[in-house]
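Undergrad: Please work out how this folds:
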Amino acid sequence: GRAGRRWPPTWPPAAVIGDTSMGTTSRPGWRPPTTCSPRWTGPTWWGFGVPTHGFRSTLGAAASAIGVDVPVVSLAKGFEQGTGLRMTQVAAEVLPDRPVGVLTGPNLAREILEGRAAATVVAATEPSTSLAFQELLASDRLRVYTNDDLVGCEIGGAIKNVIALAAGMAEGLDAGDNARAAVVTRGLAEMTRLGVALGADFPTLAGWPGWATLWPPA
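TA: From the prediction side, this is the model:
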């Protein structure tokens with residue numbers, strides 16, 4: 001129910017949404033809020049929902065419009081090719097002096113657009129950013145948690161994709177529920193060990209950013 005704005009207004013999908021209000025090919029029939037506008041002044045936060053391979057270039061293109069101290073939240077899950085950096089690390093390089101954060105969890109877009117109950121988690125370099133984002137997104141059907149483990153939240157969201165692919169392969173090969181359970185269980189263990197080695201907290205990967213994100217696609 002909050003007013004939203006998009007950037008850049010000239011990007012083709014944005015034009016389709018703004019001109020036809022019929023959504024995109026990935027979400028047929030979805031109608032965006034009528035408050036969406038291609039122009040704005042002084043946004044209080046920025047959320048970037050672009051693929052990881054275009055994350056840095058998109059931040060760079062938008063940098064001049066993002067004021068100092070304006071929070072930047074990543075909606076992407078993965079690592080930058082070549083550097084291996086997490087998206088908030090990329091954001092900190094491209095946009096210094098801004099709080100950075102990540103939104104993650106089992107966020108299946110279609111179900112959220114349909115108004116079904118869901119939960120998610122936000123973590124940021126500054127607690128005030130997490131709390132502000134929680135207040136912004138929370139509703140009677142979307143429970144938003146905060147977490148101070150930024151590394152764990154990003155690691156869980158990124159690594160779970162690999163495990164989900166492996167679980168899908170097991171399903172496609174008709175390997176059986178036992179095999180799929182083994183893939184998911186071992187994958188969770190490996191994800192946790194890697195996350196802890198990279199600085200994550202163990203409990204984080206047993207919660208929303210870890211196990212919970214792994215369950216729906218698996």
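
Undergrad: Need the three-state assignment for V102.
TA: Classification of V102 using DSSP: H, G, I helix; E, B strand; the rest coil returns strand.

Undergrad: Return the residues in contact with it.
TA: Residues counted as contacts of V102 (C-beta atoms under 8 Å, 6 or more residues apart in numbering) are 73-75, 87-88, 122-124, 150, 153-154, 157. Just so you know, the C-beta spots here come from the backbone N, C-alpha and C atoms, and that holds for glycine as well.

Undergrad: Identify the residue spatially nearest to the residue nearest in space to the middle of the chain, adjacent ones excluded.
TA: By C-alpha atoms, centre = their mean, the chain has its centre lying nearest to L75, at 2.8 Å. Distance criterion C-beta to C-beta, 6 or more residues apart in numbering; nearest residue to L75, sequence neighbours excluded, is G49 at 3.8 Å.

Undergrad: count of residues packed around that neighbour?
TA: 12 (other C-beta atoms under 10 Å).

Undergrad: Tell me who's in contact with T104.
TA: T104 neighbours (C-beta under 8 Å, 6+ apart): 77, 120-123, 153-154, 156-157, 208-209, 213.

Undergrad: Same question for G152.
TA: By C-beta under 8 Å, 6+ apart, the neighbours of G152 are 123, 195, 200-201, 204-205, 209-210.

Undergrad: List the ones among those residues that fall in strands.
TA: A123 (DSSP state E).

Undergrad: Give me the pLDDT for P127.
TA: On pLDDT, P127 comes in at 92.

Undergrad: That one reaches D149, doesn't it?
TA: No. Counting by C-beta atoms under 8 Å, P127 does not reach D149; the two are 12.0 Å apart.

Undergrad: Point out where the protein drops to low pLDDT.
TA: Along the chain, the model assigns pLDDT under 70 to residues 1-43, 212-218.

Undergrad: And the strands in it?
TA: 46-48, 72-74, 100-104, 118-124, 142-147.

Undergrad: Quick one, which of those strands gets closest to A166.
TA: strand 100-104 (19.8 Å; C-beta to C-beta).

Undergrad: about what we covered before: any figure for the gap between the residue nearest to the centre of the chain and T58?
TA: 12 Å (C-beta to C-beta, to the nearest Å).

Undergrad: so what's in contact with these two at the same time?
TA: With C-beta under 8 Å, 6+ apart as the test, L75 and T58 both reach F48.

Undergrad: And stretch 104-111, what's buried?
TA: For stretch 104-111, burial by neighbour count (16 or more other C-beta atoms under 10 Å) applies to 104-107.

Undergrad: now that we have the contacts of G152, which one has the most neighbours?
TA: P209 (35 neighbours).

Undergrad: Now that one. Nearest residue, chain neighbours left out?
TA: Nearest to P209 is G156, by C-beta to C-beta, 6+ apart, at 3.5 Å.

Undergrad: List the contacts of that neighbour.
TA: By C-beta under 8 Å, 6+ apart, the contact set of G156 is 104, 191, 195, 200, 204-205, 209-210, 213-214.
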